[in-house]
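*Asks:* 3D model of this:
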Amino acid sequence: MDWASVVSVAITGVVGIAGVAGTIVAARIASKSATKDLNLSISGENDRSNKAEKRRIYASCLASFTKLTSMVLDIGMPSPSGNKVVSEEAKANYQRMLDATAELVSQADLIAPRSVQDLLNQNIAALEELAWGHEDKGESLRKVGHAAIAHDAGPWR
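*Replies:* Here you go, the predicted structure:
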């Protein structure tokens, strides 16, 4: 028996088996790494999507608050003393806008932390008060509400 050829064939076989085993291990490691990268990518996309949805809802709320405030100031809703007469159409438009704003606040309540929910609801109450002549609360609450929303939704750019 030629031991030199047996040893060389055995060494070649062992090297071949080691190469196959190394390839299998490398493929397994690459697969785990790719799965981890995919999960991170999906998680990052979900975070971006959630933040974008929050921003959309908050922006709608803020736009509605601004429109409602402008509406109140433009039509000059009467104070309880009744010093100004406002048409029924203007009152109906104001009520529709107030209802629409309340609906947007309800949507925001589903995604907002408690502090933002409280501020949004205080803004609705302040706008109702503003409509009837209590002008001191609306602006300060709006500024606080904007700050709380910005904190929860993150940077807008």
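*Asks:* Helix or strand for the most centrally placed residue in the chain, just tell me which one.
*Replies:* Centroid-nearest residue in the chain: residue 54, 2.3 Å away (criterion: C-alpha atoms, centre = their mean). Using DSSP states H and E, residue 54 maps to helix 3-75.
*Asks:* Now that helix: average pLDDT?
*Replies:* Averaged over helix 3-75, pLDDT sits at 83.
*Asks:* Would you mind getting the angle between the very next helix or strand once past that helix and helix 3-75?
*Replies:* Using DSSP H and E, the next helix or strand after helix 3-75 towards the C-terminus is helix 88-111. On the basis of axes from the mean of the first three to the mean of the last three C-alpha atoms, to 10 degrees, helix 88-111 is oriented at 160 degrees to helix 3-75.
*Asks:* what's the next secondary structure element after helix 88-111?
*Replies:* That would be, after helix 88-111 and using DSSP H and E, helix 114-131.
*Asks:* With just CA atoms, put that next one into PDB.
*Replies:* Provided in PDB are the C-alpha atoms of helix 114-131 (Å, rounded to 0.1, in the frame of the first residue of the first chain):
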ATOM      1  CA  ARG A 114     -51.900  62.000  28.200                       C
ATOM      2  CA  SER A 115     -50.200  65.400  28.500                       C
ATOM      3  CA  VAL A 116     -51.000  66.200  24.800                       C
ATOM      4  CA  GLN A 117     -54.500  64.800  25.100                       C
ATOM      5  CA  ASP A 118     -55.200  67.100  28.100                       C
ATOM      6  CA  LEU A 119     -53.800  70.100  26.200                       C
ATOM      7  CA  LEU A 120     -55.800  69.500  23.100                       C
ATOM      8  CA  ASN A 121     -59.000  69.200  25.100                       C
ATOM      9  CA  GLN A 122     -58.100  72.300  27.000                       C
ATOM     10  CA  ASN A 123     -57.700  74.100  23.700                       C
ATOM     11  CA  ILE A 124     -61.200  73.000  22.600                       C
ATOM     12  CA  ALA A 125     -62.600  74.400  25.800                       C
ATOM     13  CA  ALA A 126     -60.500  77.600  25.500                       C
ATOM     14  CA  LEU A 127     -61.800  78.100  21.900                       C
ATOM     15  CA  GLU A 128     -65.400  77.700  23.200                       C
ATOM     16  CA  GLU A 129     -64.700  80.300  25.900                       C
ATOM     17  CA  LEU A 130     -63.000  82.600  23.400                       C
ATOM     18  CA  ALA A 131     -66.100  82.500  21.200                       C
END
